[in-house]
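Asker: My questions concern the predicted model and sequence given below.
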Amino acid sequence: MTPPRPTALSPDELVPRIGSGYPEPFAQRVAAREKRALGDAFGLTGFGVNLSRLPPGCASALRHSHLHEDEFVYVLQGTPTLVTDAGETPLAPGMCAGFPAGSGDGHHLVNRSDADVLYLEVGDRQPEEAVDYPDDDLVGRTVDGSWRYFHKDGQPY
């Protein structure tokens, strides 16, 4: 029997996922990133919501673009730098950014400050996805329902 979903909760009740599933040598760039899967806690299936924390010196992800999924971030605390194909944009609490599926605009947040950054990350949950990492020899895609990483020449990691 599935346990009942909460009506409301404090994000502190959720165990954070720390780091990423990236293969080495990429994983170290985001090793200290924390995500609390708020959407999962409520059984949301149409979109995901993460409360993410970046300690100083950490990135949200490798710079990437999604083929099928929209992505939205809203800064709650701290001053991350948004890095996109257009350059760098300093962000502050209350600012947000969005990335439509298929735009090809490589993006990520970097915490270059001396304080933690806290932000909400929202994305849809497409059954098939492909992600390009323009600065690295890395692509990711759904294969038979599982997420897999490959070199740009197609060789698996």
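Answerer: Now that the structure is in, tell me what you want to look at. In this text the structure is predicted, and so the values were computed from the model without any measurement.
Asker: where does the chain dip in pLDDT?
Answerer: Regions of the chain meeting the criterion pLDDT under 70 are absent.
Asker: quick one: the residue nearest to residue 31 when sequence neighbours are not counted from residue 74, how far?
Answerer: Distances taken as CB to CB, 6 or more residues apart in numbering place residue 19 nearest to residue 31, at 4.8 Å, with adjacent residues excluded. Placement of C-beta: from N, CA and C, glycine included. Going from residue 19 to residue 74 by CB to CB, to the nearest Å gives 22 Å.
Asker: what's the answer for residue 50, then?
Answerer: Distance, residue 50 to residue 74, by CB to CB: 11 Å.
Asker: for residue 66, same thing?
Answerer: Look at residue 66 and residue 74: by CB to CB, they are 18 Å apart.
Asker: of those two, who's got more company?
Answerer: Just comparing residue 66 and residue 74: by other CB atoms under 10 Å the higher neighbour count belongs to residue 66, 23 against 15.
Asker: What segments of the protein are helices?
Answerer: Residue ranges of the helices in the chain, as given by DSSP state H, are 38-41.
Asker: Spit out the contact partners of the residue nearest to residue 31.
Answerer: Shown in contact with residue 19 (CB atoms under 8 Å, 6 or more residues apart in numbering): 27, 30, 31, 32, 33.
Asker: Who wins on neighbours among these?
Answerer: Of these, with other CB under 10 Å as the count, residue 33 tops at 22 neighbours.
Asker: That residue is in contact with residue 53, isn't it?
Answerer: Yes: Residue 33 is within contact range of residue 53, at 7.3 Å (criterion: CB atoms under 8 Å).
Asker: follow-up on the earlier one: between the contacts of residue 19, which sits nearest residue 135?
Answerer: Using CB to CB, residue 30 is the member of the contacts of residue 19 that lies nearest residue 135, at 13.4 Å.
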